[in-house]
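A.B. asks: Got a sequence here, can you build the structure:
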Amino acid sequence: LAINSLTNQIVAQEEFANISHCRVLLEKMTCSWHRRAQAAQVRQKVALESQPEMAFDAERDDFRTDLLPFRDHPNFLSAPLEMRKKILSYGWLAYNEKTVDIESRVIAPACNHILYKEVPGVEDSTSQLIASNTLVDEAYHIQLVVTACRLTRQCRQLEHLKLPSFNLVKNMESEKALHAEKWKKILVQVVTAIVSEVFVSDYLALLAHDTTIQPLNRLTVYTHFRDEKAHHTIFINLAKCIYAYLTPEQKSFFAELLPKPVRWFASMELGVWESMLQQINFPNAEHMMKDLLPSADVNLLRIDYSKIVLLAEELGILDSEQGAECFGRLGLLN
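C.D. replies: Residues are numbered from 1 along each chain as shown. Modelled structure (predicted):
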């Protein structure tokens, strides 16, 4: 018993030493925020006002073909060029509206929970400032993508397009509804935000450096990408601070939750695509979507989830039988 007690003390000391390191990193992030936020706004303003090459180019594609879930399907490949280009415009709009969903319905509420000191381990002033800074960033990102969507809708005559809800938010809300306890609902929100911030930066990188798409679209994504690289680091370190202060019951719930948003994020949003394709009377849209099920509905191969697995390892989640089982059951362990 004495040996076990000493071992537990050593583990606790190491854990809180790691948390101190996380808090130092978070403090550095708060110090650099003003410079980063101002630079992002200046880049966008200069590009819009003084660079004619950023004007809308009707001949450029709005999105990448390889990001379409049906890119190799015969129905898409045989469609007229004009329709395929319109589908790429739809892809750009869907990508941005999903971004608005993530920022406003996933990230912002998680930051509000931190601001209201409803999350263990992040009640300190640095975490509060980080949360408020992140809220400003997310509001700016929403403004960026709304502006980009407005321009695309006007130039491509797509004002009529309506998009249904996205799976990431629907799944998060469904998970919340399963639990009566407030702390569980809050952890569902926070864990979904952590996973989203890890993945968003990887996905943005594909578009941020693509010189073949609409120049303004690329710049919009690049500006967002610069912030999200910082958010990736922020939310990884917030996760470590939070986990260290959870009770054993809360840690168990956190471990069970962590792999779930990975699969939610890997959704190809086939329902959204089917709705959009039907609005342009794409031939056999429903049958094409059925051809893609079930393999393409949730496609883990399209995302790099290794950083979530690494986070789980660093938190010690995968050292437990329960944690390893949760990750393995959802296909995140080879």
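A.B. asks: Same question for the helix or strand hosting L168: list its buried residues.
C.D. replies: Assigned by DSSP states H and E, L168 belongs to helix 167-177. Of the residues in helix 167-177, 167-169, 171-172, 175 count as buried by neighbour count, 16 or more other CB atoms under 10 Å. (Each C-beta comes from the backbone N, C-alpha and C, glycine too.)
A.B. asks: Could I get the average pLDDT for the helix or strand following it?
C.D. replies: Counting by DSSP H and E, the next helix or strand C-terminal to helix 167-177 is helix 182-208. The predicted model assigns helix 182-208 a mean pLDDT of 88.
A.B. asks: angle of helix 182-208 against helix 167-177?
C.D. replies: Angle, helix 182-208 to helix 167-177, by axes from the mean of the first three to the mean of the last three CA atoms, to 10 degrees: 170 degrees.
A.B. asks: name the helices or strands packed onto helix 182-208?
C.D. replies: Where contact means 3 or more CB pairs under 8 Å, 6 or more residues apart in numbering; DSSP states H and E, helix 182-208 is packed against helix 108-115, helix 167-177, helix 215-244, helix 248-257, helix 260-265, helix 306-315.
A.B. asks: for the ones you listed, which one sits closest to T134?
C.D. replies: helix 108-115 (5.2 Å; CB to CB).
A.B. asks: any residues touching that closest one, and which ones?
C.D. replies: The contact list for helix 108-115 (CB atoms under 8 Å, 6 or more residues apart in numbering) reads 119, 122, 127-128, 130-132, 134-135, 138, 186, 189-190, 192-194, 238.
A.B. asks: Flag every buried residue along that helix.
C.D. replies: 108, 110-111, 113-115.
A.B. asks: From those residues, pick the one nearest N18.
C.D. replies: Using CB to CB, those come closest to N18 at I114, 19.6 Å.
A.B. asks: Show me the residue at the heart of the protein, geometrically.
C.D. replies: Centroid check for the chain by CA atoms, centre = their mean gives S196 as the closest residue, at 3.0 Å.
A.B. asks: Now do the contacts for that residue.
C.D. replies: Contacts of S196 (CB under 8 Å, 6+ apart): 102, 106-107, 168, 261, 265.
A.B. asks: again, only this time at 7 Å
C.D. replies: 102, 106-107, 261, 265 (CB atoms under 7 Å, 6 or more residues apart in numbering).
A.B. asks: L315 too?
C.D. replies: L315 touches 240, 243, counting by CB under 7 Å, 6+ apart.
A.B. asks: where in the stretch 201-334 of the chain is pLDDT low?
C.D. replies: Along the stretch 201-334 of the chain, the model assigns pLDDT under 70 to residues 201-203, 294-296.
A.B. asks: For burial, what's the neighbour tally of T233?
C.D. replies: By other CB atoms under 10 Å, 17 other residues sit near T233.
A.B. asks: try E27
C.D. replies: If we define neighbours as other CB under 10 Å, then E27 has 15 of them.
A.B. asks: Repeat that for P248.
C.D. replies: 7.
A.B. asks: other SSEs contacting the host helix or strand of V272?
C.D. replies: Here V272, judged by DSSP H and E, is contained in helix 270-279. If you count contacts as 3 or more CB pairs under 7 Å, 6 or more residues apart in numbering; DSSP states H and E, helix 270-279 packs onto helix 81-101, helix 285-292.
A.B. asks: Just the buried residues of it, please?
C.D. replies: Those buried within helix 270-279 under the rule 16+ other CB under 10 Å are 270-277.
A.B. asks: chain center to that helix, what's the gap?
C.D. replies: 21 Å (CA atoms, centre = their mean, to the nearest Å).
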